[in-house]
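Asks: got a predicted structure plus its sequence, pasted below:
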Amino acid sequence: MRLQSWGITALLYALTTLSMATVGVLVPFMAHLSFILHASPAQIGIAIACFSLPSAILATVGGAVIDAVGVRRAIVVSGLYAMCGDALACAAPSIAPFDLALLLCGVAFAGISVAAPAMIVEAMAGAPQIRAMSFWSTYAPTGYAMGLLMTVPFLAGDGWKAAMLVHGVLMAIGTASAMALPSPVRRPAAAAPRARLSLRGLGAIFRDGPTLRLGIAVALPNGISYGTSLVAPTYLARAHDVGLAASSTTVALAKIFAMIVGGVVTGQLLARQINPRRLFLALAGLGCIAQVLLYAPASSFAVAAGALIVWLFAFGGMAGGAMAQLPLVVRDRAHTGLASGLIGQLISVASFCAPPLYFGLTNWVGYCAVALVGLLVSAWAIPAVAPRKA
């Protein structure tokens with residue numbers, strides 16, 4: 001049975017956020033994992049980085065593969081990889097199999113995060129497609145925060161295994177539900193060479209100006225958001241003399257609320273023919289102001305928390321508004337997965353670079369400078385595209 005647009009959107013969002021939640025589930029247990037796996041904190045950090053590695057290296061190639069095998073099959077297979085990764089992580093006796101487990105989870109995340117927007121482009125059109133893409137694009141911070149909240153009942157002792165088990169069960173339910181996603185329309189035999197052309201066109205996609213600019217416009221705010229999520233809890237706790245638990249909870253709840261609201265509101269505005277580039281520029285300006293208020297020492301904790309919510313709202317709107325333009329920059333819908341893979345790879349590279357950059361900064365001026373430069377570049381990069389004529 002074909003799902004309605006809202007059902008497809010909800011299922012894709014649930015699967016993508018659950019896949020991203022893997023990192024959020026493990027981060028609170030890093031010290032415990034270091035002890036039971038007889039690994040140094042640096043080795044645990046490398047294991048967490050293994051999750052991002054497949055997307056950072058193979059997302060564009062993966063997009064070409066998804067174009068060839070079909071998006072529904074790619075999503076289901078990716079879900080199975082995630083379940084295997086969760087099981088292996090729980091059973092891992094040492095750091096090497098744990099690395100492999102997170103690598104499997106990373107492959108699953110790469111597959112789902114590239115296939116999901118391709119499915120939205122394939123299964124929807126018009127205003128539903130714009131709303132769906134805007135909402136779906138908020139998955140990363142929401143998924144990370146969801147993982148953090150998922151660990152709350154299991155923070156004692158070996159509770160991480162129970163948290164991973166819950167994650168695996170939810171992933172299994174989502175994967176089984178993905179079988180109800182619409183199947184791609186079979187292309188005639190004459191169109192079959194397109195899949196092979198996608199593989200040969202990997203170099204060409206990096207020379208596709210509008211797609212590359214869209215990827216930059218999406219990736220830089222994602223990197224800034226990821227860096228902010230890493231340093232904000234400890235920075236706010238230190239700068240405003242509040243407990244780390246209160247600071248972390250504020251960040252997690254702000255992520256879920258503001259990101260979803262930002263994505264939904266942006267989708268509604270774009271569906272009403274608001275100019276997407278002007279909206280992106282306005283949200284980038286709002287994000288600049290929010291970043292300064294978030295880190296400025298003169299801000300109180302209440303002001304900083306409010307600025308964090310405003311930033312996440314602006315980021316949700318920027319990510320949603322930019323990703324909603326994906327169908328307009330893709331010249332050939334047979335290559336939607338390839339374009340989605342390029343954007344996913346740029347996001348992963350930006351996210352991979354964010355931790356060393358943000359942890360290497362020592363004061364609020366540095367945080368603000370990175371945010372302002374990144375947002376200005378993304379505002380320059382966002383392409384001006386005209387809607388397709390019916």
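Replies: All right, it came through fine. Numbers count the residues shown, from 1 in each chain.

Asks: for the helix or strand harbouring residue 306, which positions count as buried?
Replies: Using DSSP states H and E, residue 306 sits in helix 301-323. The neighbour-count check on helix 301-323 (16 or more other Cβ atoms under 10 Å) flags 301, 304-323 as buried. Placement of C-beta: from N, CA and C, glycine included.

Asks: what of stretch 61-76?
Replies: Residues 61-68, 70-72, 74-76 are the ones in stretch 61-76 that count as buried (16+ other Cβ under 10 Å).

Asks: closest one of these to residue 267?
Replies: Nearest to residue 267 among the buried residues of stretch 61-76, counting by Cβ to Cβ, is residue 71 at 20.6 Å.

Asks: my guess is the closest one contacts residue 117. True?
Replies: No. Using Cβ atoms under 8 Å, residue 71 makes no contact with residue 117, being 9.3 Å away.

Asks: not counting sequence-adjacent ones, nearest residue to residue 59?
Replies: Of all residues not flanking residue 59 in the chain, residue 345 sits nearest, at 3.6 Å (Cβ to Cβ, 6 or more residues apart in numbering).

Asks: how deep is the one you found tucked in, by neighbour count?
Replies: By other Cβ atoms under 10 Å, the residues close to residue 345 number 25.

Asks: now it: how far from residue 117?
Replies: Here residue 345 is placed at a distance of 13 Å from residue 117 (Cβ to Cβ, to the nearest Å).

Asks: go on, residue 92?
Replies: Residue 92 sits 32 Å away from residue 117, taking Cβ to Cβ as the criterion.

Asks: residue 75 contacts residue 16, doesn't it?
Replies: No. Counting by Cβ under 8 Å, residue 75 stays clear of residue 16, with 9.5 Å between them.

Asks: so what sits against both of the two?
Replies: 112, 116 (Cβ atoms under 8 Å, 6 or more residues apart in numbering).

Asks: circling back to that earlier point, so between residue 92 and residue 117, which is more surrounded?
Replies: residue 117 (28 against 19).

Asks: quick check, pLDDT for the more buried one.
Replies: pLDDT recorded at residue 117 is 87.

Asks: list the contacts for it?
Replies: Contact analysis of residue 117 by Cβ under 8 Å, 6+ apart lists 133, 136, 137, 323, 326, 336, 340, 343.

Asks: please report the number of neighbouring residues for residue 380.
Replies: Around residue 380 there are 12 residues (other Cβ under 10 Å).

Asks: so who does it touch?
Replies: Contacts for residue 380 (Cβ under 8 Å, 6+ apart) come out as none.

Asks: quick one: it from residue 293, how far?
Replies: Counting by Cβ to Cβ - residue 380 and residue 293 are separated by 23 Å.

Asks: and residue 183, by the same measure?
Replies: 48 Å.

Asks: residue 328 too?
Replies: Look at residue 328 and residue 293: by Cβ to Cβ, they are 33 Å apart.

Asks: name the SS class of residue 93, please.
Replies: Residue 93 falls in the coil class when you classify it by DSSP: H, G, I helix; E, B strand; the rest coil.

Asks: can you tell me which residues contact it?
Replies: Contacts for residue 93 (Cβ under 8 Å, 6+ apart) come out as residue 37.

Asks: dihedrals phi and psi, it?
Replies: For residue 93, the backbone dihedrals are phi -90, psi -10 (criterion: degrees, to the nearest 10).

Asks: next one: residue 296
Replies: According to degrees, to the nearest 10, residue 296 has phi -60, psi 130.

Asks: will you turn the buried residues of stretch 61-76 into a markdown table that also has distance to residue 226, pLDDT and secondary structure?
Replies: Listed next are the buried residues of stretch 61-76 as a markdown table, based on distance: Cβ to Cβ, whole Å; pLDDT from 0 to 100; DSSP: H, G, I helix; E, B strand; the rest coil:
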| residue | distance to residue 226 | pLDDT | secondary structure |
| --- | --- | --- | --- |
| 61 | 23 | 77 | helix |
| 62 | 20 | 76 | helix |
| 63 | 21 | 76 | helix |
| 64 | 26 | 77 | helix |
| 65 | 26 | 80 | helix |
| 66 | 24 | 81 | helix |
| 67 | 28 | 76 | helix |
| 68 | 30 | 80 | helix |
| 70 | 30 | 85 | coil |
| 71 | 26 | 88 | helix |
| 72 | 29 | 91 | helix |
| 74 | 24 | 92 | helix |
| 75 | 24 | 94 | helix |
| 76 | 28 | 94 | helix |
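
Asks: helices of the stretch 201-350 of the chain, start to end?
Replies: Secondary structure of the stretch 201-350 of the chain (DSSP state H, counting those that start in this stretch): helices at 202-205, 209-240, 244-271, 276-295, 301-323, 326-329, 336-359.

Asks: okay, these, which one's buried deepest?
Replies: Across the helices of the stretch 201-350 of the chain, the average number of neighbours (mean count of other Cβ atoms under 10 Å) peaks for helix 301-323, which reaches a mean of 25.

Asks: which secondary structure elements does that one contact?
Replies: helix 126-136, helix 209-240, helix 244-271, helix 276-295 (3 or more Cβ pairs under 8 Å, 6 or more residues apart in numbering; DSSP states H and E).

Asks: weakest of those by average pLDDT?
Replies: Minimum mean pLDDT among these: helix 244-271, a mean of 69.

Asks: ok so, going back, hey, C-alpha coordinates of the helix holding residue 306 in PDB?
Replies: Provided in PDB are the C-alpha atoms of helix 301-323 (Å, rounded to 0.1, in the frame of the first residue of the first chain):
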ATOM      1  CA  PHE A 301      22.000  32.400  30.900                       C
ATOM      2  CA  ALA A 302      18.400  33.100  29.900                       C
ATOM      3  CA  VAL A 303      19.600  35.300  27.000                       C
ATOM      4  CA  ALA A 304      22.100  32.700  25.900                       C
ATOM      5  CA  ALA A 305      19.500  29.900  26.100                       C
ATOM      6  CA  GLY A 306      17.000  32.100  24.100                       C
ATOM      7  CA  ALA A 307      19.800  32.800  21.600                       C
ATOM      8  CA  LEU A 308      20.400  29.100  21.200                       C
ATOM      9  CA  ILE A 309      16.800  28.500  20.400                       C
ATOM     10  CA  VAL A 310      16.800  31.300  17.900                       C
ATOM     11  CA  TRP A 311      20.000  29.900  16.300                       C
ATOM     12  CA  LEU A 312      18.500  26.500  16.000                       C
ATOM     13  CA  PHE A 313      15.300  27.900  14.500                       C
ATOM     14  CA  ALA A 314      17.400  29.800  12.000                       C
ATOM     15  CA  PHE A 315      19.500  26.800  11.200                       C
ATOM     16  CA  GLY A 316      16.400  24.600  10.800                       C
ATOM     17  CA  GLY A 317      15.000  27.200   8.400                       C
ATOM     18  CA  MET A 318      18.300  27.500   6.400                       C
ATOM     19  CA  ALA A 319      18.700  23.700   6.100                       C
ATOM     20  CA  GLY A 320      15.100  23.200   5.200                       C
ATOM     21  CA  GLY A 321      15.000  26.000   2.700                       C
ATOM     22  CA  ALA A 322      18.200  25.000   1.000                       C
ATOM     23  CA  MET A 323      17.300  21.300   0.800                       C
END
